[in-house]
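Undergrad: Build me a model:
(one chain, ligands or ions: 1)
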Amino acid sequence: MVTDTQVLRVPTSPYMDQRAGTSGLRKSVDVFKQKNYLENFIQSIFDIREQNEGKTLVLGGDGRYFNMEAAQIILKMAAANGIGRIKVGQHALLSTPATSCVIRKHKTDGGIILTASHNPGGPHGDFGVKYNIVGGNPAPESMTEAIFAHSKTITEYKILDTPDIDIDTLGEKKLGNMIVEVIDSIADYQELLESIFDFDGIHALLTTKGFKMCMDSLHAVTGPYAKSIFEKRMGAPSGSVVNGVPLEDFGGGHPDPNLVYAHELVEIMYGKNAPNFGAASDGDGDRNMIMGPQMFIVPSDSLAVITDNAHLIPGYKNGIIGVARSMPTSQAVDLVAKALKINMYQTPTGWKFFGNLLDANKITICGEESFGTSSNHIREKDGLWAILFWLNIMAATGKTVNQIMYDHWRKYGRHFFLRHDFESVDLDKAHAMTEALKQLLPSLSDKKYGQFEISSGTDYTYNDPIDGSISKNQGIIINFKDSSRIVYRISGTGTQGATIRLYIEKYEPDNKKHTQDSQEALHDLTALAYELTRVCEFTGMSQPNIIT
Ligand code: G16
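TA: A predicted model of the protein is given here:
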């Protein structure tokens with residue numbers, strides 16, 4: 001029994017900065033460790049929920065610094081707020097896709113994920129909290145705004161006055177009146193993936209003499225999942241998963257699977273005797289990067305390939321209804337959707353915008369340029385799902401990664417695509433840049449710049465076709481008559497100043513030009529993007545921090 005003396009009602013003062021970004025509340029560890037900072041945010045979640053009494057939640061995280069401490073605080077707060085049961089991943093580990101899977105499978109009333117995704121970790125790194133709702137979707141904007149509004153007026157939080165509970169041993173235990181069920185972090189998720197993909201076919205591929213794969217888990221959460229699936233279940237030789245032990249600081253690395261931060265994998269895949277297949281995933285396991293020998297698959301292309309080949313995968317063999325991509329993602333998948341005569345949607349950046357389309361059965365597959373792809377099997381993006389998808393296509397067709405990509409371009413043409421990131425930009429300067437661009441937009445229509453002719457410049461607003469909600473200020477698009485695009489937006493996941501993202505995209509139907517290097521192919525359009533946005537002038541930087 002919880003006694004009155006066990007539930008502490010702790011007076012607190014609000015913080016004014018607890019508005020969630022693109023994906024949950026993401027701040028530096030120093031910010032999260034301020035007095036009652038985490039507690040205020042968690043209490044705000046409990047306070048805006050319709051009911052807590054007797055409800056079941058899921059809790060887990062990506063294993064970064066402060067994960068364990070935060071999990072213990074949240075468990076005690078959940079018990080004090082009347083939650084009936086919490087399914088917590090063993091050692092407080094659960095990848096983001098696995099959390100969404102557990103919420104759906106066990107029909108729980110939502111869940112909390114402790115992660116700052118691809119942001120670095122450690123005592124001086126970032127931490128984050130994501131709240132997912134019934135069905136496993138990230139909380140929609142209306143809800144994160146309600147949590148934010150509440151956090152600005154909060155006066156107390158509730159917590160159980162009790163020692164930490166053991167979350168390293170599987171099984172049920174009691175914390176006050178609440179049952180804490182420590183679950184195997186992998187089992188439910190692996191079972192779901194096995195129901196979608198041809199595990200035996202992939203097993204045969206991975207155990208083919210001479211076939212080598214390299215999966216770089218970047219010392220983040222997917223290590224144990226990847227070892228269990230690829231090495232244990234599918235027979236890939238031990239060592240196929242590298243950096244497979246989750247570490248609190250990700251081994252000092254940046255757990256972001258791209259050409260810059262996953263450089264170890266990139267060197268292996270561009271080196272001599274490169275493996276046949278390379279892949280990486282991020283901090284919380286929702287992002288993916290796919291590589292072939294001497295080849296990097298652009299995420300926008302990966303989405304197009306996945307959509308075009310879905311019929312080869314057991315879980316999608318009956319066809320797919322539609323596909324969605326975030327606005328900055330290249331239009332490669334649009335051509336596939338047209339050919340397959342399926343629905344096609346463009347949404348703002350942020351996985352949460354796919355939720356309504358998935359729930360309303362308008363789409364089966366969705367993806368983003370930021371290394372995220374997934375389907376209606378859960379309501380988050382799913383790194384290992386995308387990796388298994390590629391392996392399954394290879395197993396079903398007998399083709400290499402590189403052949404799959406070249407064949408796709410031959411069929412549809414190639415969308416060259418690059419993203420330039422300018423990090424830690426002064427917030428005022430970033431806003432001034434946005435304003436200047438907005439002012440410029442009306443004058444852009446029909447303007448000609450060398451070979452490029454602009455058709456329109458728009459400030460992107462999304463009208464959700466399902467619930468009618470309107471999301472303004474979702475980025476600026478400069479459309480060209482040959483379907484090229486320059487897109488500009490400010491990141492919603494950065495924690496220091498503003499991160500400016502410039503996306504540059506150009507369509508090339510001529511097969512002979514498909515082997516061209518992206519930077520070369522986009523050289524002139526990139527120069528024009530810099531000229532129109534005046535990015536160097538506003539940021540005071542002569543070049544971006546990262547090009548992906
Ligand atoms: C999050 C969101 C994605 C988004 C990405 C980048 O990913 O879930 O939908 O594309 O951030 O967003 P931004 O360009 O605003 O930084 P993750 O993996 O960080 O959760």
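Undergrad: near the ligand, which residues of the stretch 301-450 of the chain show up?
TA: 326, 349, 350, 351, 368, 370, 372 (CB under 6 Å from any ligand atom). C-beta here means a position set from N, CA and C on the backbone, and glycine is covered the same way.
Undergrad: Please list all residues in contact with the third one.
TA: Which is residue 350. 22, 23, 326, 492 (CB atoms under 8 Å, 6 or more residues apart in numbering).
Undergrad: what's the closest non-adjacent residue to residue 251?
TA: Sequence neighbours aside, residue 219 is the residue nearest to residue 251 in space, at 4.1 Å (criterion: CB to CB, 6 or more residues apart in numbering).
Undergrad: That neighbour contacts residue 242, correct?
TA: No: contact criterion CB atoms under 8 Å: residue 219 and residue 242 do not qualify, at 9.5 Å.
Undergrad: Show me the helices in the stretch 101-250 of the chain, by range?
TA: 141-151, 187-196, 199-206, 222-226 (DSSP state H, counting those that start in this stretch).
Undergrad: Residue 403 is nearest to which of the ones you listed?
TA: Smallest distance to residue 403 across those (CB to CB): 14.1 Å, for helix 199-206.
Undergrad: Any part of stretch 467-486 near the ligand?
TA: No: using CB under 6 Å from any ligand atom, we find that stretch 467-486 stays clear of the ligand, coming within 9.3 Å at best.
Undergrad: where does this protein dip in pLDDT?
TA: 1-5 (pLDDT under 70).
Undergrad: if we go to 90?
TA: Residues of the chain that meet the criterion pLDDT under 90 lie in 1-5, 21-23, 140-142, 260, 352, 492-496, 546, 548.
Undergrad: domains of it?
TA: 7-185, 189-412, 414-547 (automatic domain parsing).
Undergrad: Would you check the distance separating the first one from the middle of the chain?
TA: Think domain 7-185. Centre-to-centre, domain 7-185 and its host chain are 19 Å apart (CA atoms, centre = their mean, to the nearest Å).
Undergrad: same thing with the longest one?
TA: Relative to its chain's centre, domain 189-412 lies at 12 Å (CA atoms, centre = their mean).
Undergrad: On the three-state scheme, the closest residue to residue 464 other than its chain neighbours is what?
TA: Residue nearest to residue 464 in three dimensions, not counting chain neighbours: residue 356, with 5.8 Å by CB to CB, 6+ apart. Following DSSP: H, G, I helix; E, B strand; the rest coil, residue 356 is assigned to helix.
Undergrad: measure residue 356 to the ligand for me?
TA: 14 Å (CB to the nearest ligand atom, to the nearest Å).
Undergrad: That residue - how many residues pack around it?
TA: 19 (other CB atoms under 10 Å).
Undergrad: mind checking how far it is from residue 137?
TA: 9 Å (CB to CB, to the nearest Å).
Undergrad: now residue 130
TA: 11 Å.
Undergrad: Check residue 245 too.
TA: 30 Å.
Undergrad: neighbour count winner among these two?
TA: residue 137 (22 against 13).
Undergrad: Quick check, the residue in the stretch 51-200 of the chain closest to the ligand?
TA: With CB to the nearest ligand atom as the measure, residue 117 is the residue of the stretch 51-200 of the chain nearest to the ligand, at 3.3 Å.
Undergrad: Might you enumerate the residues of the stretch 51-200 of the chain proximal to the ligand?
TA: 117, 118.
Undergrad: residue boundaries of the strands in the stretch 351-500 of the chain?
TA: 365-368, 372-375, 414-425, 448-449, 452-459, 462-463, 470-471, 476-480, 485-490, 498-508 (DSSP state E, counting those that start in this stretch).
Undergrad: Switch these over to JSON lines; also include distance to residue 295.
TA: Shown next, in JSON lines, are the strands of the stretch 351-500 of the chain (distance: least, CB to CB, whole Å):
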{"stretch": "strand 365-368", "distance to residue 295": "19"}
{"stretch": "strand 372-375", "distance to residue 295": "18"}
{"stretch": "strand 414-425", "distance to residue 295": "13"}
{"stretch": "strand 448-449", "distance to residue 295": "32"}
{"stretch": "strand 452-459", "distance to residue 295": "28"}
{"stretch": "strand 462-463", "distance to residue 295": "33"}
{"stretch": "strand 470-471", "distance to residue 295": "36"}
{"stretch": "strand 476-480", "distance to residue 295": "27"}
{"stretch": "strand 485-490", "distance to residue 295": "24"}
{"stretch": "strand 498-508", "distance to residue 295": "17"}
